[in-house]
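[1] One predicted model, sequence on top.
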Number of protein chains: 2
Amino acid sequence: MNSALDDRLPRYQRLRDDLAARINRNEWRPGDLIPSEAELGAHYGVAIGTVRKAIDQLVSDGVLERQQGRGTFVRRARFNSSLFRFFRFQSESGERRVPQSRILRRKAMPATTAVASALRIGAGEPVISLSRLRLIDDVPLLAEEIWLQRSRFEALLALETTEFGDLLYPLYEDRCGQVVVSADEILTVEIATEMQSRLLRLEANAPLIVIERLAFDLERRPIEWRRSRGPADRFRYHAEIR
Amino acid sequence: MNSALDDRLPRYQRLRDDLAARINRNEWRPGDLIPSEAELGAHYGVAIGTVRKAIDQLVSDGVLERQQGRGTFVRRARFNSSLFRFFRFQSESGERRVPQSRILRRKAMPATTAVASALRIGAGEPVISLSRLRLIDDVPLLAEEIWLQRSRFEALLALETTEFGDLLYPLYEDRCGQVVVSADEILTVEIATEMQSRLLRLEANAPLIVIERLAFDLERRPIEWRRSRGPADRFRYHAEIR
DNA sequence: AAGTGGTCTAGACCACAGC
DNA sequence: CTGTGGTCTAGACCACTTC
């Protein structure tokens, strides 16, 4: 379970995993300064070069951020990151803006088999389901269904949905200590159902783009599954591939 | 121009750039074994650790590949890479296959302003334009327009288009010494024109997915621009985002 | 001036491939 | 057995931030 203990792995790997786990359990929170390389080396009994290699990995994972002369910090949610790219549905004038969010429904429920399999939990385990509409200039742009493991996001049930704000990931960070660092997305196109076309104010049978996203924490465990649908004619998606 | 000479940059950076340039000018070709770390260190007059750091970067760029005990090799085109992911248009049965390719047209011409700006060359400079149809089970799946800088791809003009094969990137490698290592893609949806719907055997006004791709060499210079269109209802695109 | 990360070095030992 | 990359160490010096 805990790779930080598996002594077949190189030290820098175990160190990376241990640091990742410490961040994940909120020993250090986004924005915090972590101990210096020298301190970490002394604490773990390894050379500074080994610490550097572990930190290098976490930096390239987007989890940590170095600042020469200042120290190494836990990175905050990145609003310009590609995680936010399907915000790039164009507004009328073409510029990019953060859409408004309106939570339509919030429900605690047992996971369906599909949700459980995506989140890699058992069927029937408690999850939180959100239904959200995103708008620009009061025009609906995306209809989203979101599922979260309840045990990690309990705090969301105690909060008024009107207090959620326009972005969820900062909320996850602040209220639940959950940090999204990567995601897999699958894009497809389908035809709007009657309900969807009413919600998005489209004509019947309009083509919709469907974006399924599975978001991971820094230990690559799935923490959020969402399915977003928007009018295909306003869709523009940018991807960098390697 | 040549960052390998800029002594404000760290040595491992200059070394990385110099190695990249040597690969790009085909001093070593895909599949070749490059000199050992010790040899490179001796040749460039740097410590082995510095060589390792330069090679580390090229490995994470996907240009080189280490094999413990054997050496470091120039990577061949990766057919399972995400560069090939819009091959994932599903076949009837759902499995993934490499589509057939049919070159419909090949033309040497001066670059239009749009093409020149994408490829970052001057308007009117010579380019090669390809028009290609991709099929699975003889059913058209993608209609592609492709533009290449003529100076780099001259060899393609001397080859029968029927000899091109089903994949272009291996052809670029073998015939022209050009290696694609990364790309930017922009996805949009549009409605098929009459000509497109005839080519792809769709009904009029069917929704099309449009994938614009700018492909880069390992010095991040654009070498190919393509625009691919396919039926939206058979589209499935996977992206990993960080 | 003190502390931090950034670069670079030199060398030890290990794991693996290939003769 | 030799040569290769993989890990790890220890220390020097530099560049930057903060006081």
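    Yes, it's here.
[2] so what's the backbone phi/psi at the residue positioned nearest the centre of chain A?
    Centroid check for chain A by C-alpha atoms, centre = their mean gives residue A:180 as the closest residue, at 3.3 Å. With angles defined as degrees, to the nearest 10, residue A:180 sits at phi -90, psi 120.
[3] Same check on residue A:51?
    Torsion angles, degrees, to the nearest 10, at residue A:51: phi -60, psi -40.
[4] Once you drop chain neighbours, what's closest to the residue nearest to the centre of chain A?
    Closest residue to residue A:180 apart from its sequence neighbours, by C-beta to C-beta, 6 or more residues apart in numbering or on different chains: residue A:215 at 4.5 Å. Bear in mind the C-beta positions are built from the backbone N, C-alpha and C, glycine included.
[5] ok, how many other residues are close to that neighbour?
    Neighbours of residue A:215 under the rule other C-beta atoms under 10 Å in any protein chain shown: 24.
[6] Name the next helix or strand following the helix or strand hosting it along the chain.
    Using DSSP states H and E, residue A:215 sits in strand A:207-216. Proceeding N to C from strand A:207-216, the next assigned helix or strand is strand A:222-231, under DSSP H and E.
[7] Show me the domain layout of chain A.
    A:3-74, A:82-234 (automatic domain parsing).
[8] right, so of these, which gets closest to residue B:9?
    Nearest to residue B:9 among these is domain A:3-74 (15.7 Å), distances taken as C-beta to C-beta.
[9] what pLDDT, on average, does that closest one get?
    The predicted model assigns domain A:3-74 a mean pLDDT of 90.
[10] mind listing what the residue nearest to residue A:180 touches?
    Applying C-beta atoms under 8 Å, 6 or more residues apart in numbering or on different chains, we find residue A:215 in contact with A:83, A:180, A:182-183, A:222-226.
[11] just curious, which of the residues you listed is nearest to DNA strand D?
    DNA strand D lies nearest to residue A:182 out of the contacts of residue A:215, by C-beta to the nearest atom of the strand, at 21.8 Å.
[12] Who does that closest one form a beta bridge with?
    residue A:216 (DSSP bridges).
[13] tell me which parts of chain A are close to DNA strand D?
    Within reach of DNA strand D by C-beta under 7 Å from any atom of the strand, chain A has these residues: A:10-13, A:45-50, A:53, A:67-70.
[14] From these, list the ones also adjacent to DNA strand C.
    Among the residues of chain A next to DNA strand D, the ones lying near DNA strand C by C-beta under 7 Å from any atom of the strand are A:49, A:67-70.
[15] and the residues you listed, which are buried?
    By neighbour count, with 16 or more other C-beta atoms under 10 Å in any protein chain shown, those hold no buried member.
[16] Which single one of those is nearest to residue B:152?
    Checking these against residue B:152 with C-beta to C-beta, the nearest one is residue A:68 at 39.0 Å.
[17] now the helices for chain A?
    Along chain A, counting by DSSP state H, helices occupy A:11-24, A:37-44, A:48-60, A:113-119, A:150-153, A:168-171, A:194-199.
[18] how much does the first one deviate in direction from helix A:37-44?
    Meaning helix A:11-24. 100 degrees (axes from the mean of the first three to the mean of the last three C-alpha atoms, to 10 degrees).
[19] In terms of pLDDT, where does the residue nearest to residue A:133 when sequence neighbours are not counted sit?
    In this structure, residue A:133 finds its nearest non-sequential neighbour in residue A:102, 4.7 Å apart by C-beta to C-beta, 6+ apart. pLDDT for residue A:102: 95.
[20] can you check the one 3 residues further on too?
    At residue A:105, the pLDDT value in this model is 97.
[21] The closest residue to it other than its chain neighbours bridge partners, please.
    Leaving out its chain neighbours, the residue that sits closest to residue A:105 by C-beta to C-beta, 6+ apart is residue A:131, at 4.0 Å. Residue A:131 forms beta bridges with residue A:105, residue A:145, as assigned by DSSP bridges.
[22] Is residue A:131 in contact with residue A:104, as I believe?
    Yes: counting by C-beta atoms under 8 Å, residue A:131 does reach residue A:104; the two are 4.4 Å apart.
[23] Residue A:22 contacts residue A:28, doesn't it?
    Yes: under the contact definition of C-beta under 8 Å, residue A:22 touches residue A:28, with a separation of 6.6 Å.
[24] Tell me which of the two has more neighbours.
    Per other C-beta under 10 Å, whichever of residue A:22 and residue A:28 has more neighbours is residue A:28, with 18 against 14.
[25] what's the spacing between that one and chain B?
    Per C-beta to the nearest C-beta, to the nearest Å, residue A:28 is found 21 Å from chain B.
[26] which residues does that residue contact?
    If you count contacts by C-beta under 8 Å, 6+ apart, then residue A:28 has A:22, A:34, A:74 around it.
[27] what's the burial count for the second one?
    The one in question is residue A:34. Count around residue A:34 with other C-beta under 10 Å applied: 19.
[28] How about residue A:67, nearest residue that isn't a chain neighbour?
    Using C-beta to C-beta, 6+ apart, the nearest residue to residue A:67 is residue A:73, at 6.6 Å.
[29] And residue A:240, by the same measure?
    residue B:184 is the one closest to residue A:240 (C-beta to C-beta, 6+ apart), at 5.5 Å.
[30] Ok, residue A:62 next?
    Distance criterion C-beta to C-beta, 6+ apart; nearest residue to residue A:62, sequence neighbours excluded, is residue A:181 at 5.4 Å.
[31] Looks like residue A:113 contacts residue A:123 (just checking).
    Yes: in this structure, residue A:113 is within contact of residue A:123 by C-beta under 8 Å, at 4.8 Å.
[32] okay, the contacts of residue A:215 in JSON lines with distance to residue B:241 and pLDDT next?
    JSON lines is the format used below for the contacts of residue A:215 (distance: C-beta to C-beta, whole Å; pLDDT from 0 to 100):
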{"residue": "A:83", "distance to residue B:241": "6", "pLDDT": "59"}
{"residue": "A:180", "distance to residue B:241": "10", "pLDDT": "87"}
{"residue": "A:182", "distance to residue B:241": "7", "pLDDT": "86"}
{"residue": "A:183", "distance to residue B:241": "5", "pLDDT": "90"}
{"residue": "A:222", "distance to residue B:241": "14", "pLDDT": "96"}
{"residue": "A:223", "distance to residue B:241": "15", "pLDDT": "95"}
{"residue": "A:224", "distance to residue B:241": "13", "pLDDT": "97"}
{"residue": "A:225", "distance to residue B:241": "15", "pLDDT": "98"}
{"residue": "A:226", "distance to residue B:241": "13", "pLDDT": "96"}
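[33] If any of those residues are buried, put those into a PyMOL selection.
    Selecting only the buried entries of the contacts of residue A:215 in PyMOL, with 16+ other C-beta under 10 Å as the criterion:
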select buried, chain A and resi 83+180+182+183+222+223+224+225+226
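[34] That concludes my questions; thank you for your assistance.
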